[in-house]
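Enquirer: next come a sequence and a model predicted from it.
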Amino acid sequence: MDYLSLSRAARLAGVTRAELQRRIRRGEIATFEGSVAIGDLLRLYPRVSLTDDAALERTERIKSDALPKLGHAGETTLPDPRVLLSRLRGLSATLADRMSHLEAANVLLDQIGARLDAVSRRPPEQLPDALQATRDWLRTQRERLDSEAAPDQRAQLLAKDTLLRLMAANVKLIPSGHDFFVEGNETILDASVRAGLKLGYGCASGNCGNCKARVLSGETWKIRDHDYVIGEREKAMGYILTCSHTAVTDLVIEAAEALRVEDLPRQEIRASLRKLERLSPDLVALTIQTPRTQTLRFMAGQRATLALEGGQTQELPIASCPCNGRHLWFYVRRRADAFSQAVHAGLRHGQLVTVTGPSGRLVLKEDAPEPAVFIALGDGIAPIKSLIEHAVSIDLIESFHLYWDTQHPEGHHQARWGRALKDALDNFSFTPLVSGRTEDLMAVIRADHEALEGLRFYIAGPAIPVQRTLASLCDLGVAPDRISTEETES
């Protein structure tokens with residue numbers, strides 16, 4: 001194996017995809033069709049260890065009661081995840097040692113061949129001495145191989161990659177080139193949603209067939225029965241339902257993805273109120289839960305229309321990540337409209353809410369890994385929060401900085417969330433502001449960033465401050481096509 005996908009290379013090196021993207025942009029490492037060479041990876045990250053690797057701890061997610069089918073009579077349960085991980089690490093260490101010796105043996109065989117060629121060209125009278133010298137040299141080389149206990153870096157990396165392949169399978173999508181990991185017993189569809197990708201699906205329970213995709217290489221395992229019937233011809237071509245299969249090995253799958261807002265269908269879902277949290281006398285947070293068989297497909301930063309049982313409706317920005325389409329967050333400020341009044345008057349747990357959408361064009365530029373600046377003005381934090389959570393999920397953007405300027409009485413009600421991200425991520429910064437003045441906001445941004453031209457900006461909030469911020473950035477030399485905006489209610 002000479003090349004690794006960016007996702008797998010990042011896991012092996014113990015860094016984020018964004019870190020690799022940054023080094024690629026700086027020319028420190030080359031890519032070939034979205035992959036990096038093992039030699040280049042080892043040059044940048046020479047310390048490869050088979051222990052204390054955070055990615056390997058993901059095996060804790062393996063359910064202790066998992067019952068793999070053996071293909072013959074009888075079943076067995078997996079050992080405790082910690083025991084399994086310890087055993088696999090031991091096997092991988094042994095594998096690294098064997099691979100190192102095999103690599104050295106192959107080199108030795110080449111050297112032996114070259115020496116024998118040289119001996120064969122000697123005059124007959126010199127053959128005895130030449131053969132004696134070759135025998136002594138071969139004995140020395142054999143003793144050297146026996147004395148070398150530590151596997152080389154390349155063997156360590158490949159052994160670690162083998163261990164990771166046991167823990168999580170990598171799935172590459174064609175034609176987009178996106179890839180993600182399938183871990184534990186999750187379905188291919190669930191893993192793609194968790195990774196922030198937008199494969200086509202409908203019921204997610206094997207009834208509609210909308211998640212049908214074609215496996216071009218690799219092996220899958222059916223973990224859930226489905227009512228939708230795949231014809232024999234399509235079976236022979238490799239078609240499966242991604243909601244009912246998991247990945248056994250690394251896969252290449254041909255599947256349609258929603259890459260533009262126009263690619264997403266209009267959806268209407270009967271959901272229910274799971275939680276209503278009062279953030280202040282004038283602001284509540286709603287958590288709307290969709291049925292298991294019908295999650296909302298949307299892009300981060302988009303909006304949805306909520307309709308209450310009494311007929312009151314309101315279009316609101318979605319404040320949560322598309323990676324969990326069953327639990328949708330919305331912020332509702334007290335206003336004079338019927339919807340706001342009904343919400344603040346109190347909704348009961350489990351009350352039905354119809355969700356229609358998505359709409360809106362403030363979405364993440366997923367083909368743009370350069371540093372991003374997110375600007376939330378007042379209640380514009382809702383779509384910005386969704387964008388940031390999606391950016392964290394797909395691990396693509398090199399670095400991102402959130403500026404949140406609000407003068408509402410409850411202040412920065414998501415400050416704990418922002419600080420938690422800042423503590424957890426090396427490439428995330430959070431700056432809360434209470435000015436309400438565009439010139440103050442721009443002064444802080446200019447002080448934090450030497451050059452604004454190479455950044456990408458996402459702005460959300462009331463129309464007037466959004467337009468002023470947009471104009472100020474353009475005056476400072478930022479190209480309009482590097483700025484995305486969303487205007488919310490004042």
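Expert: All right, it came through fine. Numbers count the residues shown, from 1 in each chain.

Enquirer: please count neighbours and contacts with C-alpha atoms only from this point.
Expert: Will do.

Enquirer: where do the strands sit along the stretch 151-300 of the chain?
Expert: Ranges of strands in the stretch 151-300 of the chain, per DSSP state E, counting those that start in this stretch, are 168-174, 179-183, 212-217, 220-222, 239-241, 245-247, 251-254, 267-280, 283-289.

Enquirer: just put those in a markdown table and tack on distance to residue 98.
Expert: Shown next, in a markdown table, are the strands of the stretch 151-300 of the chain (distance: least, CA to CA, whole Å):
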| stretch | distance to residue 98 |
| --- | --- |
| strand 168-174 | 23 |
| strand 179-183 | 27 |
| strand 212-217 | 28 |
| strand 220-222 | 29 |
| strand 239-241 | 37 |
| strand 245-247 | 27 |
| strand 251-254 | 27 |
| strand 267-280 | 54 |
| strand 283-289 | 52 |
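
Enquirer: now these in JSON lines, with mean pLDDT and distance to residue 396?
Expert: As requested, the strands of the stretch 151-300 of the chain are arranged in JSON lines below (pLDDT from 0 to 100; distance: least, CA to CA, whole Å):
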{"stretch": "strand 168-174", "mean pLDDT": "90", "distance to residue 396": "16"}
{"stretch": "strand 179-183", "mean pLDDT": "89", "distance to residue 396": "12"}
{"stretch": "strand 212-217", "mean pLDDT": "96", "distance to residue 396": "25"}
{"stretch": "strand 220-222", "mean pLDDT": "92", "distance to residue 396": "27"}
{"stretch": "strand 239-241", "mean pLDDT": "96", "distance to residue 396": "27"}
{"stretch": "strand 245-247", "mean pLDDT": "93", "distance to residue 396": "23"}
{"stretch": "strand 251-254", "mean pLDDT": "95", "distance to residue 396": "20"}
{"stretch": "strand 267-280", "mean pLDDT": "95", "distance to residue 396": "28"}
{"stretch": "strand 283-289", "mean pLDDT": "97", "distance to residue 396": "27"}
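
Enquirer: so which of these gets nearest residue 415?
Expert: strand 267-280 (12.2 Å; CA to CA).

Enquirer: what comes into contact with that closest one?
Expert: For strand 267-280, contacts defined as CA atoms under 8 Å, 6 or more residues apart in numbering pick out 284-291, 294-296, 347-358, 409-410, 413.

Enquirer: give the ChimeraX command for selecting the buried subset of those residues.
Expert: Remark: buried members of the contacts of strand 267-280, expressed as a ChimeraX selection using 16 or more other CA atoms under 10 Å:
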select :284,285,286,287,288,289,290,294,295,296,352,353,354,355,356,357,358
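
Enquirer: return the subset of the contacts of strand 267-280 lying in helices.
Expert: Among the contacts of strand 267-280, no member is found in helices (DSSP state H).

Enquirer: and the spatially most central residue of the chain, what does it touch?
Expert: With distances taken as CA atoms, centre = their mean, residue 394 lies nearest the centre of the chain, 3.4 Å away. Residue 394 makes contacts with 195, 196, 197, as judged by CA under 8 Å, 6+ apart.

Enquirer: give me the neighbour count for residue 325.
Expert: By other CA atoms under 10 Å, 21 other residues sit near residue 325.

Enquirer: the nearest residue to residue 289 once chain neighbours are set aside: what's it in contact with?
Expert: The shortest distance from residue 289 to any non-neighbouring residue, by CA to CA, 6 or more residues apart in numbering, is to residue 327 (4.7 Å). Going by CA under 8 Å, 6+ apart, residue 327 touches 287, 288, 289, 290, 320.

Enquirer: just the helices in the stretch 301-450 of the chain please.
Expert: Assigned by DSSP state H, counting those that start in this stretch, the helices in the stretch 301-450 of the chain fall at 338-345, 381-394, 415-424, 438-448.

Enquirer: of those, flag the one that's most buried.
Expert: Across these, the average number of neighbours (mean count of other CA atoms under 10 Å) peaks for helix 381-394, which reaches a mean of 24.

Enquirer: what does stretch 229-244 rub up against?
Expert: Residues from elsewhere that reach stretch 229-244 (CA under 8 Å, 6+ apart): 187-190, 204-206, 209, 211-216, 222-226.

Enquirer: can you list the buried residues in that stretch?
Expert: By neighbour count with 16+ other CA under 10 Å, stretch 229-244 contains the buried residues 239, 240, 241, 242, 243, 244.

Enquirer: got it, and stretch 245-262?
Expert: Taking 16+ other CA under 10 Å as the criterion, stretch 245-262 shows 245-258, 261 as buried.
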